[in-house]
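> Return atomic coordinates for the entry below.
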Amino acid sequence: MNGEEKGSGAIRGGNAASASGECRRILVVKVGGSLMDKVSSVIETVVAAAQSPDCAFDKIILVPGGGIFADEIRSMNADDETSHWLAVLAMEKFGYLISALGVPAVDGFDDCLRGADGSNGKKLHLLLPYRFMRKYDPLPHSWDITSDSIAAWAASELSDRLSAGDCRVSLLLLKSVDGIMRRDTAAPCGAPASDAARNSETNPPIIPEIIPEICGIREGERFEEVDPFCIPLILKSGIDGYILNARKPDLLTAFILGRNFCGTHIRRYP
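Okay, here's the model as predicted:
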């Protein structure tokens, strides 16, 4: 079932973005393909926050979405196997655009973790996905898998690699929406929109609102904002996942600096 908090959806970023103590904090940030038209300003915001002395993270690793490059693959109607790997390559295309904005690109976990132990190393990297996805091939080959789940798996893998140390990994999904939305209070969260339409004659329209926290989902439950594998993968891994609207740069800055922000927090109860 869903674990939800009442309220406006404001979540204290410091709950998962505190740099206090000796724990090294690593943030994996998926830059959604829907942000392609704003990518320069989004990356500028991330870079500025990462360079701030108030940054709550020791290392920030960007993972690109697919965007219009993945949409092009969808239009080809190729088989799942072909589409899967072409879609991962579509992420690489967007990744090179991001890298051209001044973010060093790497294609392996060891490279992007250099400096996570406090040694010299760049604070911000872009992780290109094709090489490690080919090497580990961890996810089903289906359009139900998007860059959301690929970023979630990468964050989980990094967390596993660092579990013996004093590092903690969090995942931030940057999108063009404010978070996971509750669209129909008369039906379970994630129910098909058609369920609400059937009741439209007797119930007034429901204005979508942010679900501030998700700690579990029912079998088969889906949300429009992420692919169906993403939230279960985050919950299973035990990492903290967050979704926020990167078209609101103040929210993105607030998160990276460990301040209050508005979005959805996905976490497993202890």
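> Is Lys30 in a helix, a strand, or coil?
What DSSP: H, G, I helix; E, B strand; the rest coil gives for Lys30 is strand.
> What backbone torsions are found at the closest residue to Ser156 other than its chain neighbours?
Counting by Cβ to Cβ, 6 or more residues apart in numbering, Ser156 lies nearest to Ser237, which is 3.7 Å off, once chain neighbours are set aside. Using the backbone N, CA and C atoms, a C-beta is placed for each residue, glycine as well. Phi and psi for Ser237, reported as degrees, to the nearest 10, are phi -70, psi -30.
> contacting residues for the residue nearest the centre of the chain?
Closest residue to the average C-alpha location of the chain: Leu173 at 2.2 Å, with Cα atoms, centre = their mean. By Cβ atoms under 8 Å, 6 or more residues apart in numbering, the residues touching Leu173 are Lys30, Gly32, Asp148, Ala151, Val226, Cys230, Gly241, Tyr242, Ile243, Leu244.
> Show me those residues that map onto strands.
Counting by DSSP state E, the part of the contacts of Leu173 found in strands is Lys30, Gly241, Tyr242, Ile243, Leu244.
> isn't the third one right up against Thr264?
I take that to be Tyr242. Yes. Assessed by Cβ atoms under 8 Å, Tyr242 is found in contact with Thr264 at 6.9 Å.
> just to revisit the earlier point, tell me which two in the contacts of Leu173 are the farthest apart.
Across the contacts of Leu173, the longest distance by Cβ to Cβ is 14.9 Å; it joins Cys230 and Leu244.
> Which parts of the stretch 1-150 of the chain are strands?
For the stretch 1-150 of the chain, the strands defined by DSSP state E, counting those that start in this stretch cover 10-12, 24-31, 59-64, 105-106, 124-127.
> ok, residues contacting the last one?
Here strand 124-127 makes contact (Cβ under 8 Å, 6+ apart) with 28, 46-47, 50, 59-64, 95, 98-99, 103-107, 109, 111-112, 154.
> What remains of these if I keep only buried residues?
28, 46-47, 50, 59-64, 95, 98-99, 103, 105-107, 109, 112, 154 (16 or more other Cβ atoms under 10 Å).
> one step back: how about the strands of the stretch 1-150 of the chain in CSV, adding distance to Thr82 and mean pLDDT?
What follows is the strands of the stretch 1-150 of the chain, written out as CSV (distance: least, Cβ to Cβ, whole Å; pLDDT from 0 to 100):
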stretch, distance to Thr82, mean pLDDT
strand 10-12, 40, 37
strand 24-31, 23, 94
strand 59-64, 20, 96
strand 105-106, 25, 94
strand 124-127, 23, 95
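> And the ones you listed: which comes nearest His84?
Closest of those to His84 is strand 59-64, at 16.1 Å (criterion: Cβ to Cβ).
> what's the closest one packed up against?
On a contact count with 3 or more Cβ pairs under 8 Å, 6 or more residues apart in numbering; DSSP states H and E, strand 59-64 meets strand 24-31, helix 39-51, helix 80-99, helix 109-113, strand 124-127, helix 147-161.
> lowest-confidence stretch among those?
Among these, helix 109-113 carries the lowest mean pLDDT, a mean of 82.
> which other helices and strands contact that one?
Packing partners of helix 109-113 (3+ Cβ pairs under 8 Å, 6+ apart): strand 59-64, strand 124-127, helix 147-161.
> could you point out which element follows the longest one?
By that I understand helix 147-161. Next in sequence after helix 147-161, counting helices and strands by DSSP states H and E, comes strand 167-175.
> what lines up beside that following strand in the sheet?
Paired strands of strand 167-175, with direction, are strand 24-31 (parallel), strand 240-245 (parallel) (DSSP bridges).
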